[in-house]
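Asks: okay, predicted coordinates and the sequence, questions at the end:
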Amino acid sequence: MLKKKSFFMLTTLMLVLSAFISACSGSNNGSNSAPASGDKKEPTSAETRSFKTVKGDIQIPVKPQRIVTDFYGGELLSVGANVVGVEPTAFQNPFLTDLLKEKGTKEVGDPTNLEKTLELKPDLIVVMKDTNYEALSKIAPTLYIPYGTTTNIYDTVKLFGDITGEKEKAEQFIAAFDKKAAEGRARLKGVIDEKATFGLYELTDKNALWIFGDNAGRGGQAVYNALKLNMPKKTANSKEQTVQLSMEVLPQYDADYMFLTTYDPEKKGDALKQLKSSAVWGNLPAVKNNRVFFNDFDTYYRYDPIAITGQIDMIVDMLIEREKENKAKK
């Protein structure tokens, strides 16, 4: 499974890179100023435009060349941006590792370290946290984009395509995502009951159990938005993206197929062992029918556009493989 997982991650990254290469045809995306001659031209590094944020209107480069970010590495890479600095855990994202290494991206700490950022000479800084906002703004134009500004892959890619002046690359990424999603749905047709429900759960090392919606990572956008699989009724009727569950109410939130990630930084495994030994867990239909999937936390926690795209094939593959396994046992 690890070899197969790595293969599909690499395939996704290659698709993304191919899109970037084909997009580098020199159009003046994102510039507010048209050339007098009417011919397209690349903006110079000195050209700027106004970008509206919750901190006010910020003057940013029309085509930023060196970007430092905290938690928006995948979003920026999805539109081909040159990310020179990013927060530490981005390097643990299996969908981004190779891209970050290829670009020579440096780790800038969390919160974003001022000295490290200054050394990288960015012409734009994009942050999810505003901890060092004022200080960072003295280094380069800084955009504060709070978590939750966008709630789906389409709006996210369009936003960062706008920020980087790469609207064409954003459109190409979205087209590739839609194609991948359609292919995934086609592969599952006839394999999965169209009425089947799918739940996303997470267990912590403190024995807390959660269920997730379509926009809180854990594969939600791939499962629900790309593959259009059905949520458990309780989740579908809830406005909350995350709900903590007790073992007593878990059966009310169960699904025909259950995907479980475990947050266990010390890799003790105690919480998972306790869950599996529970009579409530053992009596769930998904457990009895061998339709529970124990998924890697680092792989499925991610919710950037590149990760979401990569998760599609991984989810489709595991479902098809499991159904073959179950049929073989009958």
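Replies: Received, thanks.

Asks: what mean pLDDT does the helix ranked longest in the chain get?
Replies: With secondary structure taken from DSSP state H, the chain has its longest helix at helix 305-329. When the per-residue pLDDT values of helix 305-329 are averaged, the result is 96.

Asks: what are the buried residues along it?
Replies: 305-319, 322-323 (16 or more other C-beta atoms under 10 Å). Just so you know, the C-beta spots here come from the backbone N, C-alpha and C atoms, and that holds for glycine as well.

Asks: same question, stretch 148-164
Replies: Neighbour counts over stretch 148-164 (16+ other C-beta under 10 Å) mark 150, 153-154, 156-161, 163-164 as buried.

Asks: elements contacting the longest helix of the chain?
Replies: Helices and strands in packing contact with helix 305-329 are listed as helix 2-23, helix 73-77, helix 153-164, helix 167-188, helix 297-301; criterion 3 or more C-beta pairs under 8 Å, 6 or more residues apart in numbering; DSSP states H and E.

Asks: ranking those by mean pLDDT, which is last?
Replies: Taking each of these in turn, the one with the lowest mean pLDDT is helix 2-23, at a mean of 45.

Asks: which SSE is immediately downstream of that helix?
Replies: Per DSSP states H and E, the first helix or strand lying C-terminal to helix 2-23 is strand 48-53.

Asks: quick one: residue 83 and residue 76 touch, right?
Replies: Yes. Under the contact definition of C-beta atoms under 8 Å, residue 83 touches residue 76, with a separation of 5.1 Å.

Asks: any residues in contact with both of those two?
Replies: Among the neighbours of residue 83, those also in contact with residue 76 (C-beta atoms under 8 Å, 6 or more residues apart in numbering) are 67, 69.

Asks: first to last residue in stretch 226-244, what's the distance?
Replies: For stretch 226-244, the first and last residues are 25 Å from each other (C-alpha to C-alpha, to the nearest Å).

Asks: please apply the same query to stretch 265-279.
Replies: Taking C-alpha to C-alpha, the first and last residues of stretch 265-279 lie 26 Å apart.

Asks: and it, what's buried?
Replies: Within stretch 265-279, the residues that qualify as buried are 271-272, 275, counting by 16+ other C-beta under 10 Å.

Asks: tell me the one of the residues you listed nearest residue 234?
Replies: Minimum separation from residue 234 among the buried residues of stretch 265-279 (C-beta to C-beta) is found for residue 275, which lies at 19.0 Å.

Asks: okay, the buried residues of stretch 265-279 in TSV with secondary structure next?
Replies: Output for those, formatted as TSV (DSSP: H, G, I helix; E, B strand; the rest coil):
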residue	secondary structure
271	helix
272	helix
275	helix
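
Asks: residue 322 against residue 290, yeah?
Replies: Yes. Counting by C-beta under 8 Å, residue 322 does reach residue 290; the two are 7.0 Å apart.

Asks: can you list the weak-confidence ranges in this structure?
Replies: Using pLDDT under 70 as the threshold, the predicted model of the chain has low-confidence ranges 1-45.
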